[in-house]
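Visitor: sequence plus the predicted model coming up.
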Amino acid sequence: MSRTLVHSFSISLDGFGTGEGLSADAPFGHAGHRMHTWMMATRFWHQLGVVDMGDASGSEGIDNAFAERHEHGVGAEIMGAGKFGPPGWQDDPDWRGWWGENPPFHTPTFVLTHRPRPPLEMEGGTTFHFLDASPAEALDVAREAAAGRDIRIGGGPTTVREFLAAGLVDHLHVVQVPILLGRGVRLWDGLEGLEQQYTVEAVSSPSGVTHLTFTR
Ligand SMILES: NC(=O)c1ccc[n+]([C@@H]2O[C@H](COP(=O)([O-])OP(=O)(O)OC[C@H]3O[C@@H](n4cnc5c(N)ncnc54)[C@H](OP(=O)(O)O)[C@@H]3O)[C@@H](O)[C@H]2O)c1
């Protein structure tokens, strides 16, 4: 049975999944890249080739073990409009996402938005489909496209929270980063008692982050 997964979703100690003041120059607003420093140090990230990391090969410890799960068994991704582009991207007909012509999804990728547009076929197997749909409806469409493989809910915090509130997430991997953002978009609002629906495990990494998994 195909599962619905959230992988490597980073939050600050005070529970924010992104900062304030998102823009084309600041995809995470005032948080900068502090939420993902742990991931950018891994071998997984270096091999992804999103940015040129020179000769360094990246760490191979626990952070890498979690990060590389991004690659396995996923047949479709669902993301929010806020992950796909900066505020206002819907007014730019040429916007094709942050990731260049070969985005690191390699599957059908469903972007939830109240302003859908025709699909965008990219290189490497990623096609962006734009959907105005409830989480349950979006999941049905993604499940069909995933052909038996898992569906990843890719973020941002508003979208992950929506799927958690609807009881649609089977496995949630949250990475608690030891920073205090103070402002931004929170993950946990309205989800009181969520942990009671899951088996929760935690493991801390020498990098300073804590990996929390919630498994149904
Ligand atoms: N912490 C992490 O690991 C992580 C991971 C991924 C992304 N991010 C960051 O998170 C930020 C974006 O998060 P966010 O919470 O602001 O936004 P988001 O969750 O990416 O997107 C929310 C938006 O998606 C659209 N949407 C969501 N559900 C919908 C539905 N059921 N039907 C139709 N449209 C729907 C709406 O946009 P419209 O009404 O405008 O169409 C809504 O405002 C970015 O900074 C991104 O870089 C962080």
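Guide: Yep, it's here.

Visitor: quick check: residues of this structure near the ligand?
Guide: With CB under 6 Å from any ligand atom as the criterion, the chain comes near the ligand at residues 9-10, 17-18, 22, 27-28, 35, 80-83, 112-115, 132-135, 154-159, 162, 185. C-betas here are computed from N, CA, C, even on glycine.

Visitor: where does this protein dip in pLDDT?
Guide: Low-confidence segments of the chain (pLDDT under 70): 49-56.

Visitor: contacts made by the longest helix along it with the rest, please.
Guide: Looking across the chain with DSSP state H, the single longest helix is helix 135-146. The contact list for helix 135-146, computed with CB atoms under 8 Å, 6 or more residues apart in numbering, reads 2, 4, 74-78, 107-108, 110, 112, 129, 131, 133, 151, 162-163, 166, 168.

Visitor: tell me the contacts of the nearest residue to Ala146 once chain neighbours are set aside?
Guide: In space, not counting the residues next to it along the chain, Ala146 is nearest to Gly75; the distance is 2.9 Å by CB to CB, 6 or more residues apart in numbering. By CB under 8 Å, 6+ apart, the contact list for Gly75 reads Ser2, Thr107, Pro108, Ala145, Ala146, Ala147, Gly148, Arg149, Asp150, Ile151.

Visitor: show me which of those is closest to Val203.
Guide: Asp150 (21.5 Å; CB to CB).

Visitor: identify the bridge partners of the closest one.
Guide: Applying DSSP bridges to Asp150 gives these bridge partners: Val74.

Visitor: these two touch, right, it and His7?
Guide: No. Here Asp150 lies out of contact with His7, judged by CB atoms under 8 Å, at a distance of 9.7 Å.

Visitor: where's Ala81 relative to Phe110, distance?
Guide: 11 Å (CB to CB, to the nearest Å).

Visitor: no wait, Arg143
Guide: Distance from Arg143 to Phe110, counting by CB to CB: 11 Å.
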